[in-house]
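Undergrad: predicted model and sequence follow; I will ask about them next.
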Amino acid sequence: NQWQFWNTQPVPKMDDPFPENSGPIDVIKKPEDVQKEPYNLPAGFEWCNLNLKNKDDLDQLYTLLVENYVEDDDNMFRFDYSREFLRWALSPPGQYEDWLAGVRVTKTKKLVGFISGIPVHMVLQKKDNIKMTEINFLCVNKKLRSKRLAPVLIKEITRRVNIKNMWQAVYTAGVLIPKPISIAQYFHRSLNPKKLIEINFSSLGKNQTMARVQKLYKLPEETTIQGLRPFTKKDAAAVTPLLNKYLEQFDLYHSFSVEDVKHYFTPVENVIYSYVVESQDKQITDFFSFYCLPSTIINHPKHNQLRAAYSYYHFSTATPLKDLIYNALILAKKYDFDVFNALNLMENTQFLDELLFSPGDGNLHYYLYNWRLSEQFKPSQLGMVLV
Ligand SMILES: COc1cccc(CC(=N)NC(=O)c2cccnc2OC2CCNCC2)c1
C-alpha cells in the first residue's frame, strides 16, 4: 500500500491519539549507534556530496531540479529554482558538506537524485529548543521513479543527520503523508493579470473584462511607507532580536542567529528581497522580505516562465502588517514579478483579503520527523516559511 515506507519511520500514524506531552517517537540513540556506511543503492548508482561552490555541481543540481522537481496538481507549472537561489538556500551558517546528498549513475556520473538538509535551531510550543535539520529538494529523475530511490535518499540523509547527533527534522510537501502537524493554504495576488490569464494561472470572472481586472490589481509606481529602505548586513544586529521576538508568539519557528539573518536576508537580485522601516531617530521598527521562485510554464506557445515572488519573513512594531505587505506588492511589481504568493500562516490572514489575494488550489503540509506533538497546529500557529 501507499504508506508502506512511512509506516517504518518514526512519524505518527494518521489516526494516532495526541499525547499529554510532546516528545521523540524513536528510542533515544547516540551517534555511535548509527551505521557508519551509507545505505545501499541499486546497482549502477553511487552517492556523491554536492559542493555548490563548484560550477559543475551547481549546474547539475539546477538541471536535475528544473527538469524533474515539483509540479502543480495540473502539471502546468514546475518550479525553476535558479543557480544563485540554490547556492543561497543551501549554504547557510553551520552547513555540513555531506548534507547535500546526490545520487549519480556510476557509468555516466549523471546526477539523478538529490536531497538536502540544513541545520536549524527550532523552538516548539514555546518550550522545546531543538537543533534539527530542515529537509528540502527531495528529487528523483522522472525516468527513475518507482525504483524506490526516495526512501533510500530519506534514510541516508537521516543517517547523516543522526551522526551529527541531531534526531528531528522539519519538512513540507504538497502531498499528504503521515502525518501533517499543520496544513497551510496558499494564496496568490495578481501583479500581471493579463499574463496570468494568458497562461491559465488565473481566469477571467464571467462578468469581468481584462481592462477591469487590470484596473483592480493596479499598484502605485512608488512605495508609500516613510523610511522604507533595503535591508543591509549592518542591520542584522538590530533586526535579529526584533525578528525572534516577533516569532516567539508562534508554536513552531526557527530561532535566527545574527549570522543567520545576515545570510538569509542580505538582498540578492532574483533571489531574496528584504526591506526595513527606519524611524526618524534611525530605529528599525518593521521588516519584510520575499523570495524569487520562478516556475517553468510547461508547453506554452507564448510564455515559458512565470515570475513568482513568495512572502518570506516579516515583523511589524509600528507599521500595520497589511501596509508592509502592500509595499512588498508594489516592489514586486516594480521588479517585474507576475504574481505574489503567500501562505495563511503567521498573521497572514490579516492582509490576504484586503490586499486582493485569491486562494490557490492546493495546500502545503508541514511535517516533523521523530517528534510527536501534543496537539494539531492551526496554520496561524506556524512561524516558519520554507523555500
Ligand atoms: C506556480 O508554479 C508552481 C510550481 C509547482 C508547484 C506549485 C504548487 C505548489 N506546490 N505551491 C507551493 O507549494 C507553495 C505555494 C505558496 C507558497 N509556497 C509554496 O511552496 C514553497 C514552500 C515549500 N517549497 C516550495 C515553495 C506551483
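TA: Right, received. Where do you want to start? Numbering: from 1, shown residues only.

Undergrad: helix or strand: which one has Lys194?
TA: Following DSSP states H and E, one finds Lys194 within helix 193-198.

Undergrad: right, I mislabeled it, should have said Pro17
TA: According to DSSP H and E, Pro17 maps onto no helix or strand at all.

Undergrad: tally up the residues packed near it, please.
TA: Using other C-beta atoms under 10 Å, Pro17 is surrounded by 7 other residues. Every residue, glycine included, has its C-beta placed from N, CA and C.

Undergrad: what's the spacing between it and Ala342?
TA: Note on Pro17: its distance to Ala342, by C-beta to C-beta, to the nearest Å, is 33 Å.

Undergrad: same question for Phe287.
TA: Applying C-beta to C-beta, the value for Phe287 to Ala342 is 16 Å.

Undergrad: now swap in Thr158 and tell me
TA: 31 Å.

Undergrad: out of these two, which sits in the more crowded spot?
TA: Ala342 (27 against 23).

Undergrad: partners of that one in the sheet?
TA: Beta bridges link Ala342 to Phe187 when assigned by DSSP bridges.

Undergrad: so it makes contact with Ser311?
TA: Yes: in terms of C-beta atoms under 8 Å, Ala342 counts as a neighbour of Ser311; the distance is 4.0 Å.

Undergrad: quick check: neighbours shared by these two?
TA: Common neighbours of Ala342 and Ser311 (criterion: C-beta atoms under 8 Å, 6 or more residues apart in numbering): Ile325, Asn348.

Undergrad: and the residue in the stretch 201-350 of the chain that the ligand sits nearest to, how many neighbours?
TA: Closest residue of the stretch 201-350 of the chain to the ligand, C-beta to the nearest ligand atom: Ser295 (3.5 Å). Neighbourhood size, Ser295 [other C-beta under 10 Å]: 22.

Undergrad: contacting residues for the closest residue to Gln214 other than its chain neighbours?
TA: Spatial nearest neighbour of Gln214, chain neighbours left out: Pro193 (5.7 Å); criterion: C-beta to C-beta, 6 or more residues apart in numbering. Counting by C-beta under 8 Å, 6+ apart, Pro193 touches Ser202, Met210, Val213, Gln214, Leu216, Tyr217.

Undergrad: where do the helices of the stretch 51-200 of the chain begin and end?
TA: Residue ranges of the helices in the stretch 51-200 of the chain, as given by DSSP state H, counting those that start in this stretch, are 55-68, 83-89, 149-163, 193-198.

Undergrad: out of these, which gets nearest to Tyr264?
TA: Tyr264 lies closest, by C-beta to C-beta, to one member of the helices of the stretch 51-200 of the chain: helix 83-89, at 8.1 Å.

Undergrad: packing partners of that closest one?
TA: Packed against helix 83-89 by the contact rule (3 or more C-beta pairs under 8 Å, 6 or more residues apart in numbering; DSSP states H and E) you find helix 55-68.

Undergrad: can I get the helix it packs on as PDB, trimmed to CA atoms?
TA: Coordinates of each C-alpha in helix 55-68 appear next as PDB, following Å, rounded to 0.1, in the frame of the first residue of the first chain:
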ATOM      1  CA  LYS A  55      30.100  25.300 -11.000                       C
ATOM      2  CA  ASP A  56      29.600  21.800 -12.500                       C
ATOM      3  CA  ASP A  57      27.800  20.500  -9.300                       C
ATOM      4  CA  LEU A  58      25.600  23.600  -9.200                       C
ATOM      5  CA  ASP A  59      24.800  23.200 -12.900                       C
ATOM      6  CA  GLN A  60      23.900  19.500 -12.400                       C
ATOM      7  CA  LEU A  61      21.700  20.300  -9.400                       C
ATOM      8  CA  TYR A  62      19.900  23.100 -11.300                       C
ATOM      9  CA  THR A  63      19.300  20.800 -14.300                       C
ATOM     10  CA  LEU A  64      18.000  17.900 -12.200                       C
ATOM     11  CA  LEU A  65      15.500  20.200 -10.500                       C
ATOM     12  CA  VAL A  66      14.400  22.300 -13.400                       C
ATOM     13  CA  GLU A  67      13.500  19.100 -15.300                       C
ATOM     14  CA  ASN A  68      12.300  16.800 -12.500                       C
END
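
Undergrad: near the ligand, anything from it?
TA: No: residues of helix 55-68 are not located near the ligand by C-beta under 6 Å from any ligand atom, the shortest gap being 11.1 Å.

Undergrad: how far is that helix from where the chain is centred?
TA: On the basis of C-alpha atoms, centre = their mean, to the nearest Å, helix 55-68 sits 18 Å off its chain's mean C-alpha point.

Undergrad: for the stretch 1-150 of the chain, which residues are neighbours of the ligand?
TA: Residues of the stretch 1-150 of the chain lying close to the ligand by C-beta under 6 Å from any ligand atom are Val70, Glu71, Asp72, Phe77, Arg78, Phe79.

Undergrad: separation between the fourth one and Leu306?
TA: Applying C-beta to C-beta, the value for Phe77 to Leu306 is 6 Å.

Undergrad: go through stretch 167-187 and flag the buried ones.
TA: 167-172, 177, 179-187 (16 or more other C-beta atoms under 10 Å).

Undergrad: swap in stretch 102-111?
TA: Buried residues in stretch 102-111, counted by 16+ other C-beta under 10 Å: Gly102, Val103, Arg104, Leu111.

Undergrad: just to revisit the earlier point, what pLDDT does the model give the residue nearest to Gln214?
TA: Looking at Pro193, its pLDDT reads 98.

Undergrad: likewise Lys36?
TA: Here, the pLDDT recorded for Lys36 equals 97.

Undergrad: any regions of the stretch 1-150 of the chain where pLDDT drops low?
TA: For the stretch 1-150 of the chain, residues meeting the criterion pLDDT under 70 lie at 1.

Undergrad: and the residue of it found nearest the ligand, how many neighbours?
TA: Nearest residue of the stretch 1-150 of the chain to the ligand: Phe77, at 3.3 Å (C-beta to the nearest ligand atom). Look at Phe77: counted by other C-beta under 10 Å, it has 22 neighbours.
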